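K.L.:
Take this sequence and fold it.
(chains A and B)
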Amino acid sequence: MSLRRPAKDQPEIFEFSSSSLDEANKIVSKYPKGKQQSAVMALLYIAQKQNDNWIPLVAMKYIAKFLDMPYIKVYEVATFYTMYNLSPVGKYFVQVCTTTPCMIRGANKLVEACKEKISDKENELSNDKSCSWMEVECLGACVNAPMMQINDDYYEDLDKEKTVDIFDKILKGEDPKPGSYRGRLNTEPENNRKTLMDVKNA
Amino acid sequence: MPKLKVNDIEVEVEDGLTVLQACEKAGAEIPRFCYHEKLSIAGNCRMCLVEMEKSPKPIASCAMPAAEGMNIKTNTPFVEKARKGVMEFLLANHPLDCPVCDQGGECDLQDQSMFYGVDKSRFKENKRAVPEKHMGPLIKTQMTRCIHCTRCVRFATEVAGVSELGAIGRGEDMQITTYLEQSMQSELSANVIDLCPVGALTSKPYVFEARPWELKKTETVDVMDAVGSNVRVDTYDWEVKRVLPLINEDINEEWISDKTRYACDGLSNQRLDTPFIKYNGKFEKASWSEVFKIIKSKFENSSKDKVCGFVGDLTNMETGYIFKEFFDRTLNNNNYDSRSDNRFLDNSERENYIFNSSINGIEDADLIFLIGANPRYEATILNARIRKAFVNNNTKVISLNDSGDLTYPYNNLDGQTQTIKTIFEGSEEISKEIISAIKPMIIIGESLLKLNSAEHLFNLIKNFLKKNNKFTEDWNPLNILSCDAATVGNFDLGILNSEKNLLEELKSNKFEIVYLVGQDNLEFNKKDEFVIYQGSHGDKGAEIADIILPGSAYTEQDGYFTNLEGKIQKAFKASYPPGEAKEDWQIINELAEVMNNRKLFNDKEELESSMFNYIKLQQEKQTDENKVQTISDFVNEKLNIQIKDYYFSNVIARSSKTMIECNNSKLNIKSTGTEG
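P.N.:
Have a look, this model is predicted:
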């Protein structure tokens, strides 16, 4: 992990869309007057969502002016948290968990699949510019390891073939089904329930 | 007031102080990097660990409030081990480049590693390397050396009031930088160099110039503005290598402005090092006896009222006084002045030209009204004080003009003198605010005093404040913000001519001989005048001169300066005048000897005691006099704040390459438009 830098090619302008603006104002209104800076993280996230999963410098400036705070303070926050992308990522943004439980269950195979299907390096766009991937720390779905996140959805219980399958679908423009890929419901045990058998809708 | 024990010594400290301060009071020195008295507490270097009874872990003393009954130990093996551990982490990524680091010899990390450093490294991984950051023409960065104490960030945000520095990234990859590596837009920026406990931020103009132990250190005062910041001038041989701040809580606290710090390279450029005579429009070198002879014959061949003299903005008081004596006693005339513009001055009372509330008083004020003043550029250190007052007490600031960013918020009015008139006739909302304020401060800039209706407005303001009983025993709300180091001193010495307007007469070419001592700001069309210029630098004054007498700059002679508050301070000689140049008072003394075969003063001591007697007499006289105040005419006009180009405000700054670079970096920012 090294310091992430803002992308070289930056858009000239950024403005909240009307829906983002509503959302932003709603969040700012939660804080007392004069403390509106507290909303900076939420606003950065809104900006990231609006701008294809990454935050350009103009957006940071826009937010700084929006919240009446120095540019550098917004820049500090944006560079601190790895969940803020400072350079363009694909429309499909793949985050592969490689923390211990996933690693033990074969997360490296998923990384191989990414390298084969998407791009050789992390944070590089695929040939058709629609997809990029990166390794991340624990996404909190260890029970269903190994797993990855594509945009807002989790894809769980994967192996290399299944991952390749998902990528094929994505690259064709289809939306693969999120969730477990071994037919489990959420985090249920592998082969049938072993507890709470008497409870019907457990 | 909690009582606690430090190394078995009982101390009682004020509420709200930290364990570190308590330890200092008990005489135990605590190593630190991030903690600084004038900045907020960060607690991130962990070097100040101490042992506290009943605590299983060592505590960071800088961030722990002192409490009743604490038992602190600062010299146990436990503490030493803890600090050694911290030091090992700090050194893990710190390069071993002390021999090529400018901080070497005055580096906190170097000093403290002598006590707590381990002589071998357990760190086998790659060392972190950080690219250099651009921070403007004054600050050289070597960010690999940074230990992330964030003193610079806190200084920029809190004291300088420009939130441009920050820490980006996280953990090991954290980097201190300005926003997108732009230059720091502050007149106090170079103070981060002093604050940096390691060699990450060092001085760009001073890079690889000298080692601290090679320099001769002279404690003196600064003359770049009228604040009179206390500085230490470091010289190597003849050359002034650098200027550093000295702590004076009443004046500059711990900071100095960039101009004070970096105009010093102007002391070795454009110097006048030998007397010159102008023959056919060209200057030719001459000897002292030659020039004195010529001056003598010139003086003898013209009538005495055809001679006038002007004193400049960097002249010390001894020179001013002997110049006045030279006119009074040797030439028998009083055609001398220290003003280079038609500035209004009523010197019947001293309070009419000094900053009466004092710089410390700014922190007590509850309302500050700036009239025709832009303290950010006219008195940078004073502006930092106003910001401190704003940050600590939320002091309300009103400015007549829109002066741009003053580093604190203020209400600005329309800049018309009519507005001043209505306010101080008592019919405005602001008039009521001034009346209801307990300690209001009215800060009058030189721009107001240069107006046509200056006298009217000045008396109006003063009378309004008097009428509303704002002058009390411990508070004087009337403040004049002088811009130049010599201004108040010259007024104290009475180097003025209130009978006639010398400037007008000079402009209409009524004089035959003009004697300028360090005065470069006069604007007049030279016709047949014979101009004698005495000064340190070849600037505007020397250009028009017929005879040049090479004098000394403020670092080359002992001399008194009175700052804008009226505090007399002595500047000490740190190096020698170049070539054949002499100390200014000596030149005039010798000239007097040539003219009359008698020196004005036998030595410097006689001059000084005579000068102080004169000042004392003047001040006694002032209290007796009760001048009738005349209200002159009022004309409505726009009050424009005329600021001399900040980086080129005097001869030394104008000769400095660093100041040119500073000015250019400002201009670049403006032209690219990336600042907003």
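
K.L.:
Around residue B:96, how many other residues sit close by?
P.N.:
Look at residue B:96: counted by other CB atoms under 10 Å in any protein chain shown, it has 9 neighbours. All C-beta atoms are positioned from the backbone trio N, CA, C, and that covers glycine.

K.L.:
next one: residue B:189
P.N.:
Residues near residue B:189, counting by other CB under 10 Å, number 28.

K.L.:
Show me what the longest helix anywhere in chain B is packed up against.
P.N.:
In chain B, taking DSSP state H as the definition, the longest helix is helix B:604-624. With contacts defined as 3 or more CB pairs under 8 Å, 6 or more residues apart in numbering or on different chains; DSSP states H and E, helix B:604-624 has these neighbours: helix B:317-325, helix B:584-596.

K.L.:
for that helix, which positions count as buried?
P.N.:
The neighbour-count criterion (16 or more other CB atoms under 10 Å in any protein chain shown) identifies B:604, B:607, B:608, B:610, B:611, B:614, B:615 as the buried residues of helix B:604-624.

K.L.:
what's the following helix or strand after that helix?
P.N.:
helix B:651-654 (DSSP states H and E).

K.L.:
Quick check: next helix or strand after that following helix?
P.N.:
Once the chain leaves helix B:651-654, the next helix or strand it forms, by DSSP H and E, is helix B:657-672.

K.L.:
And the contacts of the helix or strand of chain B with the lowest mean pLDDT?
P.N.:
The weakest-scoring helix or strand in chain B, judged by mean pLDDT, DSSP states H and E, is helix B:657-672 (a mean of 80). Contact partners of helix B:657-672, identified using CB atoms under 8 Å, 6 or more residues apart in numbering or on different chains, comprise B:136-138, B:182-183, B:185, B:205, B:258-259, B:262-263, B:265-266, B:269, B:645-648, B:653, B:675.

K.L.:
can you list the residues of chain A near chain B?
P.N.:
Within chain A, the residues that sit near chain B (CB under 8 Å from any CB of the partner chain) are A:1-4, A:57, A:69-73, A:75-76, A:79-80.

K.L.:
want to try a markdown table for these, with pLDDT as columns?
P.N.:
Below are those laid out as a markdown table (pLDDT from 0 to 100):
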| residue | pLDDT |
| --- | --- |
| A:1 | 53 |
| A:2 | 66 |
| A:3 | 74 |
| A:4 | 81 |
| A:57 | 94 |
| A:69 | 94 |
| A:70 | 94 |
| A:71 | 95 |
| A:72 | 95 |
| A:73 | 95 |
| A:75 | 95 |
| A:76 | 94 |
| A:79 | 94 |
| A:80 | 93 |
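
K.L.:
Show me which of these are buried.
P.N.:
Burial by neighbour count, judged by 16+ other CB under 10 Å, picks out A:4, A:57, A:69, A:70, A:71, A:72, A:73, A:75, A:76, A:79, A:80 from the residues of chain A next to chain B.

K.L.:
The closest residue to residue B:426 other than its chain neighbours is in what secondary structure piece?
P.N.:
Of all residues not flanking residue B:426 in the chain, residue B:464 sits nearest, at 6.6 Å (CB to CB, 6 or more residues apart in numbering or on different chains). Per DSSP H and E, residue B:464 falls inside helix B:454-467.

K.L.:
ok, now which ones touch residue 179?
P.N.:
No chain was given, so I picked chain A. Residue A:179 makes contacts with A:154, A:155, A:156, A:186, as judged by CB under 8 Å, 6+ apart.

K.L.:
right idea, wrong chain: chain B
P.N.:
So residue B:179 contacts A:70, A:71, A:72, A:75, B:164, B:166 (CB under 8 Å, 6+ apart).

K.L.:
Which strand or helix spans residue 16?
P.N.:
Just so you know, I chose chain A. Assessed by DSSP H and E, residue A:16 sits outside every helix and strand.

K.L.:
burial of it, as a residue count?
P.N.:
Neighbours of residue A:16 under the rule other CB under 10 Å: 19.

K.L.:
So it sits against residue A:47, correct?
P.N.:
Yes. Using CB atoms under 8 Å, residue A:16 is in contact with residue A:47, at 7.3 Å.

K.L.:
if I pick residue 30, what's in contact with it?
P.N.:
If you meant another chain, say so; for now it's chain A. By CB under 8 Å, 6+ apart, the neighbours of residue A:30 are residue A:39.

K.L.:
Let me rephrase: I mean chain B.
P.N.:
Applying CB under 8 Å, 6+ apart to residue B:30 gives the contacts B:20, B:23, B:24, B:48, B:50, B:61, B:62, B:74.

K.L.:
in the chain, what spans have low per-residue confidence?
P.N.:
Just so you know, I chose chain A. A:1-2, A:202 (pLDDT under 70).

K.L.:
wait, I meant chain B there
P.N.:
For chain B, the stretches with pLDDT under 70 are B:623-632, B:669-676.

K.L.:
quick revisit: give me the distance from the helix holding residue B:464 to the chain's centre.
P.N.:
29 Å (CA atoms, centre = their mean, to the nearest Å).

K.L.:
Pull that helix out as CSV, backbone CA atoms only.
P.N.:
What follows is helix B:454-467 as a C-alpha-only set of coordinates in CSV (Å, rounded to 0.1, in the frame of the first residue of the first chain):
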residue,chain,number,x,y,z
ALA,B,454,-6.6,63.8,7.7
GLU,B,455,-6.4,66.4,10.4
HIS,B,456,-10.2,66.8,10.6
LEU,B,457,-10.7,63.0,10.7
PHE,B,458,-8.0,62.4,13.2
ASN,B,459,-9.2,65.0,15.6
LEU,B,460,-12.8,63.8,15.1
ILE,B,461,-11.8,60.3,16.0
LYS,B,462,-9.8,61.4,19.0
ASN,B,463,-12.4,63.7,20.3
PHE,B,464,-15.1,61.1,19.9
LEU,B,465,-13.1,58.6,21.9
LYS,B,466,-12.3,61.2,24.6
LYS,B,467,-16.0,62.3,24.8
